[in-house]
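J.: next input, structure requested:
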Amino acid sequence: MRWWAAGQLDLICKKIDAVNADWSKDWLANGESHSAQAKLASASPKNQAMLGGWRQVSGVSAQIFWMQIPPRHLEHLQDAMFSASGSASISSKSKGVIGKSVASQAWEEYLGKLSDLLSPAQVDMSTGMPPENLFKAWSGAVQLEMQWCGVKLVLVLNQACVEQLLGPDVLAGSENKRKLPRTAPTSKLHSITQAVQHKKVRIRVELSPCEIELGNLQQIQVGDVIPLPHGLEQPLQVKFASGEALCLAFLGTRANKKAIEVLAPSPAIKS
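T.: Residues are numbered from 1 along each chain as shown. Prediction:
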């Protein structure tokens with residue numbers, strides 16, 4: 001089971017881009033660049049493997065990759081090779097036997113460079129789709145996509161092929177990170193209730209509100225008594241500082257201080 005990090009996928013793209021740049025320098029007049037994009041095969045559309053045009057490249061070892069070759073790819077390659085030549089005579093011949101022969105040679109060299117990079121011990125290229133298990137999570141397979149001479153090429157690399165591409169140093173570094181010793185917690189773990197039991201929260205106790213005319217409010221003096229609509233048998237409201245209801249309570253005294261006797265919350269407060 002394998003999973004590749006973003007940095008490892010970027011390294012794969014850089015190596016594929018280097019092969020593309022080296023090949024383009026020799027065969028394309030305009031020096032067209034081909035930037036590859038890599039992602040885990042499990043993140044690809046589920047119907048990707050069902051599309052046609054797949055070729056399997058395998059070697060004597062476990063490295064295998066699949067390439068989805070679009071139809072008429074040689075014609076697109078011919079156009080890319082001769083469109084920027086600047087010569088009408090060369091452009092006219094590009095569609096003939098010579099153009100097809102040159103395009104075929106360029107294509108074979110491109111396949112050779114890819115095979116040398118991905119599966120150095122290549123022994124066979126045959127028709128075949130990548131197996132479905134490569135598109136499942138933790139398969140270790142990677143899918144590459146790139147715009148190449150006006151068409152899209154898709155590559156699927158199995159885990160052994162990806163490991164070959166990354167190299168032993170990168171793989172060893174990844175293994176060392178996974179094997180870092182895990183230190184035990186410095187403190188004992190507690191339940192949530194135990195962890196928050198000493199945390200303080202502010203609450204307030206409220207009487208029923210009343211309304212006073214503005215004129216009477218302006219005439220209030222020390223010693224005036226304001227009657228409230230709060231009955232003696234009616235409990236007080238206990239609320240959080242945010243205004244949310246907590247419970248009901250009756251006012252009392254204890255140790256020469258005002259105190260409240262907490263009642264069970266009403267159904268309305270529970271909700």
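
J.: please count neighbours and contacts with C-alpha atoms only from this point.
T.: OK.

J.: can you find the helix or strand of this structure with the lowest average pLDDT?
T.: Between all helices and strands in the chain, the lowest mean by mean pLDDT, DSSP states H and E belongs to helix 88-93, at a mean of 47.

J.: in the stretch 101-250 of the chain, which spans are helices?
T.: 159-166, 168-178, 192-196, 214-218 (DSSP state H, counting those that start in this stretch).

J.: among those helices, show the one with the smallest mean pLDDT.
T.: Among those, helix 168-178 carries the lowest mean pLDDT, a mean of 73.

J.: tell me where the stretch 1-150 of the chain has strands.
T.: For the stretch 1-150 of the chain, applying DSSP state E, counting those that start in this stretch gives strands covering 36-40, 54-59, 64-68, 122-127, 142-148.

J.: the second one vs strand 64-68, what angle?
T.: Same thing as strand 54-59. Angle, strand 54-59 to strand 64-68, by axes from the mean of the first three to the mean of the last three Cα atoms, to 10 degrees: 160 degrees.

J.: who touches strand 54-59?
T.: For strand 54-59, the surrounding residues in contact (Cα atoms under 8 Å, 6 or more residues apart in numbering) are 64-69, 115, 119-130.

J.: are any of the residues you listed buried, and if so which?
T.: Neighbour counting by 16 or more other Cα atoms under 10 Å classes 64, 65, 66, 67, 68, 69, 115, 119, 120, 122, 129, 130 among those as buried.

J.: tell me the least confident of those?
T.: Within the buried ones among the contacts of strand 54-59, lowest confidence goes to residue 122 (64).

J.: was I right to think residue 82 contacts residue 27?
T.: No - contact criterion Cα atoms under 8 Å: residue 82 and residue 27 do not qualify, at 9.7 Å.

J.: for the stretch 1-150 of the chain, give me the ranges with low pLDDT.
T.: Within the stretch 1-150 of the chain, the segments meeting pLDDT under 70 span 1, 31-33, 46-51, 60, 84-95, 122-123.

J.: can you show me the strands along the stretch 151-271 of the chain?
T.: Using DSSP E, counting those that start in this stretch, strands in the stretch 151-271 of the chain cover 151-157, 203-206, 236-240, 245-254, 257-263.

J.: can you list these in CSV and add mean pLDDT and mean neighbour count?
T.: What follows is those, written out as CSV (pLDDT from 0 to 100; neighbours: other Cα atoms under 10 Å):
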stretch, mean pLDDT, mean neighbour count
strand 151-157, 91, 20
strand 203-206, 91, 14
strand 236-240, 90, 19
strand 245-254, 89, 15
strand 257-263, 90, 12
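
J.: distance to residue 221 for those strands - can I get that in CSV?
T.: Shown next, in CSV, are the strands of the stretch 151-271 of the chain (distance: least, Cα to Cα, whole Å):
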stretch, distance to residue 221
strand 151-157, 87
strand 203-206, 23
strand 236-240, 26
strand 245-254, 26
strand 257-263, 25
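
J.: closest to residue 217 out of those strands?
T.: strand 203-206 (20.1 Å; Cα to Cα).

J.: so which elements touch that closest one?
T.: strand 236-240 (3 or more Cα pairs under 8 Å, 6 or more residues apart in numbering; DSSP states H and E).

J.: switch the cut-off to 10 Å
T.: strand 236-240, strand 245-254 (3 or more Cα pairs under 10 Å, 6 or more residues apart in numbering; DSSP states H and E).

J.: distance from that strand to the middle of the chain?
T.: A distance of 47 Å separates the centroid of the chain from that of strand 203-206, by Cα atoms, centre = their mean, to the nearest Å.

J.: one more: stretch 252-269?
T.: On Cα atoms, centre = their mean, the centre of stretch 252-269 falls 52 Å from that of its chain.

J.: before we move on, back to that, identify the contacts common to residue 82 and residue 27.
T.: Taking Cα atoms under 10 Å, 6 or more residues apart in numbering as the criterion, residue 82 and residue 27 both touch residue 103.

J.: quick check: chain neighbours aside, which residue is closest to residue 133?
T.: Using Cα to Cα, 6 or more residues apart in numbering and skipping the chain neighbours, the partner closest in space to residue 133 is residue 139 (6.9 Å).

J.: relative to residue 172, which of the strands of the stretch 151-271 of the chain is closest?
T.: Residue 172 sits nearest to strand 151-157 of all those, at 19.9 Å, using Cα to Cα.

J.: thank you kindly, that will do.
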